[in-house]
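[1] predicted model, plus sequence, below.
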Amino acid sequence: MNQNGFDDRFDARIRSAHGDALSHLSARTRLQLQLRRGAAAGGNRPSAAPRSFAWPLVAACAVGALAIGLQLRRPDAPGTAPIPEPAHPVAFLAQDAGVADAYTALDESPDLYLWLESDDAAMLAME
Amino acid sequence: MLQRVRTDDDDLGQRVDAALPPADLDAFLAGIGARAFRFAELGLRHRDDALDAVQDAMTRMLRYRDRPAAEWTPLFWSVLRSRIVDSQRRRTMRLRWLVAEPAAETIDWADAGEDPARHHAGRDAWTRIAAALGALPPRQREAFTLRVLEELDGATTARVMGCSEGAVKTHLSRAREALKMQLEDLR
């Protein structure tokens, strides 16, 4: 038998198995084919079609939520309450420096302590 | 070109060759449904995906209702092949984002009837053939399926696959050699 003869015999055996497979579709699949042919005749696409845009829709929503979140985090974004800034650090330093000068003056001048010991201070406290 | 017609969905396995084209597109689609499902099942290895592809192809065929009936066969296989390729691409995109490809489903097969021994023999044979066909590169599988199982001629197969007749011969030859290696008992 030549090569074509072998090929023909091989093809015929596979074709026979295929014919057997066609005649042994499950009842469920036969019913589905019948229903889907009817749906196709009505112009209906497979019900799985909506799934095709589900993932792009989810991805678009995620990107949108991320963009809104980033927008809200911007300091100049509308609707965000301004964060009160602390007084300038130099002012704190100047204030601290004034208090320190007063303590220094008290330390250096004994007049205050002499006055506190005087009757004037006691009279003032009694008033 | 010979057109295959079926009189009813109940005689899915009993092919009737006739010189006459189907009476209308509905009859054509009724007759080709089972063959289309098996073709899609080989390409997608998933029952529901195969049914979706067949339904989608049937829906798209409605726009060709006014074409001569002789054109329906190559048009249908071309549309179905395109739907299968699209489905495979969508699945690849989904899986690339999500998880590993799920295991292929077992082939669809009716429950055992009055002759369980013959039933199991037929099922085992087709399971092995389907696995071997599924392992082929897609173009080789298409060429073999359309030329050998659907018995389309070379020119029609080339039209369906969108390639030259020479390319079809090459794909068919390589597919046949690969299948012979895997299915030695059928040689």
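    Nice, I can see it. Numbering: from 1, shown residues only, chains lettered A, B, ... in the order given.
[2] contacts, neighbours, all on C-alpha from now
    OK.
[3] so which elements touch the lengthiest helix in chain B?
    Identified as the longest helix of chain B according to DSSP state H is helix B:72-97. Applying 3 or more CA pairs under 8 Å, 6 or more residues apart in numbering or on different chains; DSSP states H and E, one finds that helix B:72-97 contacts helix B:25-44, helix B:47-61, helix B:154-161.
[4] show me how the record splits the chain into domains.
    Let's take chain A. Listed domain ranges for chain A are A:3-73, A:89-126 (source: automatic domain parsing).
[5] if you could check chain B rather than the one you did, that'd help
    Taken from automatic domain parsing, chain B resolves into B:1-103, B:115-187.
[6] let's have these in a markdown table, adding mean neighbour count.
    Listed next are those as a markdown table, based on neighbours: other CA atoms under 10 Å in any protein chain shown:
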| stretch | mean neighbour count |
| --- | --- |
| domain B:1-103 | 18 |
| domain B:115-187 | 17 |
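[7] so can I have a markdown table of those showing mean pLDDT?
    Listed next are the domains of chain B as a markdown table, based on pLDDT from 0 to 100:
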| stretch | mean pLDDT |
| --- | --- |
| domain B:1-103 | 81 |
| domain B:115-187 | 93 |
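[8] looking at those, which is closest to A:A122?
    Nearest to A:A122 among the domains of chain B is domain B:1-103 (87.6 Å), distances taken as CA to CA.
[9] Throw the helices and strands packed on helix B:72-97 into JSON lines and include distance to chain A, thanks.
    Listed next are the helices and strands packed on helix B:72-97 as JSON lines, based on distance: least, CA to the nearest CA, whole Å:
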{"stretch": "helix B:25-44", "distance to chain A": "6"}
{"stretch": "helix B:47-61", "distance to chain A": "4"}
{"stretch": "helix B:154-161", "distance to chain A": "15"}
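[10] tabulate those helices (JSON lines), appending distance to B:W126.
    Formatted as JSON lines, these follow (distance: least, CA to CA, whole Å):
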{"stretch": "helix B:25-44", "distance to B:W126": "11"}
{"stretch": "helix B:47-61", "distance to B:W126": "16"}
{"stretch": "helix B:154-161", "distance to B:W126": "23"}
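[11] so which of those comes closest to A:L72?
    Across the helices and strands packed on helix B:72-97, closest to A:L72 is helix B:47-61 (CA to CA), at 43.2 Å.
[12] could I get the contacting residues of the spatially closest residue to B:M61 that is not a sequence neighbour?
    With sequence-adjacent residues excluded and distances taken as CA to CA, 6 or more residues apart in numbering or on different chains, B:M61 is closest to B:F76, at 6.6 Å. Counting by CA atoms under 8 Å, 6 or more residues apart in numbering or on different chains, B:F76 makes contact with B:A57, B:M58, B:M61.
[13] measure the closest residue to A:T29 other than its chain neighbours to B:L44 for me?
    Take A:T29 and drop its neighbours on the chain: the residue closest to it by CA to CA, 6+ apart is B:D108, 7.7 Å away. The gap separating B:D108 from B:L44 is 13 Å, by CA to CA, to the nearest Å.
[14] ok, B:Q140 next?
    Relative to B:L44, and taking CA to CA, B:Q140 is found at 15 Å.
[15] contact residues of chain A facing chain B?
    Neighbours of chain B within chain A, by CA under 8 Å from any CA of the partner chain: A:6-7, A:9-11, A:13-15, A:17-27, A:29-30, A:32-34, A:36-37, A:39-41, A:43-48, A:52.
[16] same thing but at 7 Å, please
    When proximity is defined by CA under 7 Å from any CA of the partner chain, chain A lies next to chain B at A:10-11, A:13, A:15, A:17-27, A:33, A:36-37, A:40-41, A:43-46, A:48.
[17] sitting in strands, which of those residues do you find?
    Of the residues of chain A next to chain B, none are assigned to strands by DSSP state E.
[18] from those residues, which would you call buried?
    A:10-11, A:15, A:17-26, A:33, A:36-37, A:40-41, A:43-46 (16 or more other CA atoms under 10 Å in any protein chain shown).
[19] which residues in chain A form helices?
    Using DSSP H, helices in chain A cover A:3-22, A:27-41, A:51-73, A:89-108, A:111-116, A:119-126.
[20] among these, where is the model least confident on average?
    Lowest mean pLDDT of the helices of chain A: helix A:89-108, a mean of 60.
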